[in-house]
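S.K.: here's my sequence, what's the structure:
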Amino acid sequence: MNKHMKSYCDYTNTPWGKLFYQCVWEQLPVCNGKNILDFGSGFGITTNHLSVNNSVTAVEPSRTMIKARCKEYDYKQLKGSVDILKKIPNNTFDCIICHNVLEYIENRKELLTEFTRILKRDGFISIVKHNKAGRIMQKAIFDYDIKSVNMLLDNTNLKSGNFGEISIYSDSSLEEYSDFKLYIEKVMGICTFYGLQNNDIKSDPKWITDMKSLEMRVSEIDEFRDIAFFHHIILKKK
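M.R.: Prediction:
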């Protein structure tokens, strides 16, 4: 495991890394007894969580991340990318998970087309993505990185230490990538406040509980959602 991958792995075990996942899971529609695809499953943290009460297929291109994945519960792990989806029959999955993936790939239209095809008529897609305004807030306030702020304001892509270049896109682009066969049902914010806090306070045992309650309370209030670091978008078929 290289240093960038290890850095991301370490992040998932921090209080703020755990809080991110807890917020995402609470925002998901109820998933019990469903057939789920987790595309870009990474270390399998969400895959493992959803496998408690569902049948989950995970797709991940990184052999390193698959080798280090969380597998407390049973699920099917595949190595690959869009090529695997093309072999899956129409209307297979009740739910498709794709969290922090689309920023790093070029073939978004191809991917959303496949998602639409293999999603059941009454199913949903859960996408987590960077929110530009929130990223600017974090870079300006927490990191004091004015160069990156100006790059974002100029619509220039930034580099991620873990996964390469981050190409931020608008929420509405997801409908366009699907040729408007999908529509956005709901947009929720994640990391509205805690990404701007000093990490020293996050070791308090009450911190995750208190901040999760606050994050969830403001996640669908427009003015707070607009500055959240991440957006969690639920898509459905038209």
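S.K.: which other residues reach the lengthiest strand in the chain?
M.R.: The longest strand of the chain (DSSP state E) is strand 119-130. For strand 119-130, the external contacting residues (Cβ atoms under 8 Å, 6 or more residues apart in numbering) are 24, 28-29, 91-100, 102-103, 115, 166, 168-169, 171, 174, 182, 185, 190, 229-237. All C-beta spots, glycine's among them, are computed from the backbone N, C-alpha and C.
S.K.: over to stretch 101-117?
M.R.: Stretch 101-117 is contacted from outside by 39-40, 82, 85-86, 88, 90, 96, 98, 125, 127, 129-130, 160, 163-169, 173-174, 177-179, 181-182, 237, using Cβ under 8 Å, 6+ apart.
S.K.: hmm, which of these are the buried ones?
M.R.: Buried subset of those (neighbour count, 16 or more other Cβ atoms under 10 Å): 39-40, 82, 85, 96, 98, 125, 127, 129-130, 163, 166, 168, 174, 177-178, 181-182, 237.
S.K.: so what secondary structure elements neighbour the helix or strand hosting residue 235?
M.R.: Per DSSP states H and E: residue 235 is located in strand 230-237. Other elements packing on strand 230-237 under the criterion 3 or more Cβ pairs under 8 Å, 6 or more residues apart in numbering; DSSP states H and E are helix 15-27, strand 119-130, helix 173-177, strand 182-190.
S.K.: now tabulate those in CSV and tack on distance to residue 139 and mean pLDDT.
M.R.: Formatted as CSV, the helices and strands packed on strand 230-237 follow (distance: least, Cβ to Cβ, whole Å; pLDDT from 0 to 100):
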stretch, distance to residue 139, mean pLDDT
helix 15-27, 16, 97
strand 119-130, 11, 97
helix 173-177, 22, 96
strand 182-190, 17, 98
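S.K.: nearest to residue 154, of those?
M.R.: strand 119-130 (16.2 Å; Cβ to Cβ).
S.K.: give the next helix or strand downstream of that closest one.
M.R.: helix 132-137.
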